[in-house]
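**Q** Below are the sequence and a predicted model for it; my questions follow.
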Amino acid sequence: MVKITIGTKENPVRFSYANVHQPVSVNGSDLKYSVSIIIPKSDKKSVKKIKDAIQKAIEENKDKFGGKIPANLKTPLRDGDVDREDDEAYADSYFINANSKIKPGIVDGDLNPIIDQSEFYSGCYGRVSLTFYGFNVNGNKGIAAGLQNIMKTADGEPLGGRSSAEDDFADDEDVLG
């Protein structure tokens with residue numbers, strides 16, 4: 001298992017599809033906490049760190065793959081321009097979907113735990129620690145990303161098309177008659 005931290009105050013990652021407060025089941029799978037981590041392609045340092053960690057995890061897990069690296073080995077780093085071409089939040093970015101059966105620690109920039117669930121949401125920015133590990137399940141072989149901990153460093157435009165009640169009704173003249 002290879003552990004890294006990506007994102008900095010100057011070059012944060014962005015969080016999407018954040019299911020970090022309550023675990024969810026996807027298509028009947030085990031309950032898991034998960035998040036999609038969007039990394040700008042311009043953040044060459046984080047991209048290199050991720051690629052190096054994946055490569056190290058591949059080397060560490062050769063035994064799981066039968067002693068050799070399969071041609072169709074799955075890896076977690078994906079290209080947003082290819083795999084999410086219809087989603088502008090993923091434009092000119094890479095992304096990693098990470099999950100865990102254990103709730104991630106979530107802190108603010110001063111390392112204070114974020115208790116209020118509305119404070120961490122899809123669209124905010126920060127840092128994240130991940131582990132990369134090998135898997136070989138039902139003929140699928142690859143490297144997966146395990147979600148460890150999250151640090152929120154900045155707010156961002158919420159993703160997912162949801163607006164706040166304050167925004168929806170701020171200019172509504174009909175509210176009070």
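**A** Perfect, I can see it now.
**Q** Return the distance of the helix ranked longest in the chain from the chain's centre.
**A** In the chain, assigned by DSSP state H, the helix with the most residues is helix 44-60. Relative to the centre of its chain, helix 44-60 is centred 16 Å away, using Cα atoms, centre = their mean, to the nearest Å.
**Q** Flag the shaky bits of the protein, pLDDT-wise.
**A** Residue ranges of the chain with pLDDT under 70: 161-165, 172-177.
**Q** which residues of it fall in strands?
**A** With DSSP state E as the definition, the chain shows strands at residue ranges 2-6, 13-24, 32-40, 78-79, 93-100, 105-107, 125-137, 140-154.
**Q** Export those strands as CSV, with columns for distance to S118 and mean neighbour count.
**A** C-betas here are computed from N, CA, C, even on glycine. Listed next are the strands of the chain as CSV, based on distance: least, Cβ to Cβ, whole Å; neighbours: other Cβ atoms under 10 Å:
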stretch, distance to S118, mean neighbour count
strand 2-6, 25, 17
strand 13-24, 10, 19
strand 32-40, 16, 22
strand 78-79, 29, 15
strand 93-100, 22, 21
strand 105-107, 12, 17
strand 125-137, 16, 19
strand 140-154, 12, 19
